[in-house]
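**Q** Sequence plus the predicted model coming up.
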Amino acid sequence: MSWRFITCTALFVTCLVTANTIATKLILVGGVVLTAGIVIFPLSYVLGDVLTEVWGYTAARRVIWLGFACNALMVAAIWVGAELPAAPFWKGQGAYEEILGQTPRILLASFVAYLAGEFANAFVLAKLKILTRGRWLWTRTIGSTLVGQGFDTVIFVTLAFVGTVPTGALGAIIVAQWAVKVAYEAAATPLTYAAVGYLKASEHVDVYDYGTDFNPIRL
């Protein structure tokens, strides 16, 4: 693969692990409570769109699993770091565990939501590309995000908070998170167009997923 593909992959993984690291902070935007991960996580969907649009579903599938593996490695390293005995003079153990430590329930929710959302996003975009014959890129990027971020948001919020948050509030959180993520993708449409145009021209590649095996676990 080219350096451009490697760069897109590195940026995708960086967005993912950064979002999961900073997501422990809750922020208030326009009266809506969101996680700080909203700052960068939607960018992983923009990059996922670019990867699928240019190199196809098969390449995107590899990157999605790579991102999953890198995130799992980060979580394991953070857990080992927390379990190692702290130096007697170091006073930050509590802060380390509070900021970086995540409950098994939150981790499970984030892993399942990530895989479902990213694969749904890539699948819908690849199918829409065939349906539209490569025209109207905006319909694919926004359409796939509506579905992918929908899966991601519903699965994560439900698995992470059902039973601990009132049902009405749970629904409000899902709608707010989903709306903000989709708006982020829509706002990034000019950037997506520029990146896709540049990559297709420089890479001389524009994959259509005719006959592709869309099984997400097939590597």
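**A** All right, it came through fine.
**Q** Show me where this protein has its strands.
**A** In the chain, the strands defined using DSSP state E lie at 26-29, 32-35.
**Q** If I average pLDDT within each of the ones you listed, which one is lowest?
**A** The stretch with the lowest mean pLDDT among the strands of the chain is strand 32-35, at a mean of 78.
**Q** which residues does the closest residue to residue 188 other than its chain neighbours contact?
**A** Distances taken as Cβ to Cβ, 6 or more residues apart in numbering put residue 46 closest to residue 188, at 5.0 Å, once the chain neighbours are dropped. Quick note: C-beta positions are derived from backbone N, CA and C, even for glycine. Counting by Cβ atoms under 8 Å, 6 or more residues apart in numbering, residue 46 touches 141, 185, 188, 191, 192.
**Q** How about the contacts made by the second one?
**A** I take that to be residue 185. 42, 45, 46, 49, 141, 142, 145, 149.
**Q** From residue 192, how far out is it?
**A** Plainly put, residue 185 is 8 Å away from residue 192 if you go by Cβ to Cβ, to the nearest Å.
**Q** Now do the shared contacts for these two.
**A** Contacts common to residue 185 and residue 192, judged by Cβ under 8 Å, 6+ apart, are 46, 49, 141.
**Q** Include pLDDT and distance to residue 57 when you put these into JSON lines, please.
**A** Below are those laid out as JSON lines (pLDDT from 0 to 100; distance: Cβ to Cβ, whole Å):
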{"residue": "46", "pLDDT": "93", "distance to residue 57": "17"}
{"residue": "49", "pLDDT": "96", "distance to residue 57": "12"}
{"residue": "141", "pLDDT": "95", "distance to residue 57": "15"}
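**Q** Out of those, which comes closest to residue 90?
**A** residue 46 (38.9 Å; Cβ to Cβ).
**Q** Could you tell me what pLDDT the model assigned to the spatially most central residue of the chain?
**A** Centroid check for the chain by Cα atoms, centre = their mean gives residue 44 as the closest residue, at 4.8 Å. According to the prediction, residue 44 has pLDDT 92.
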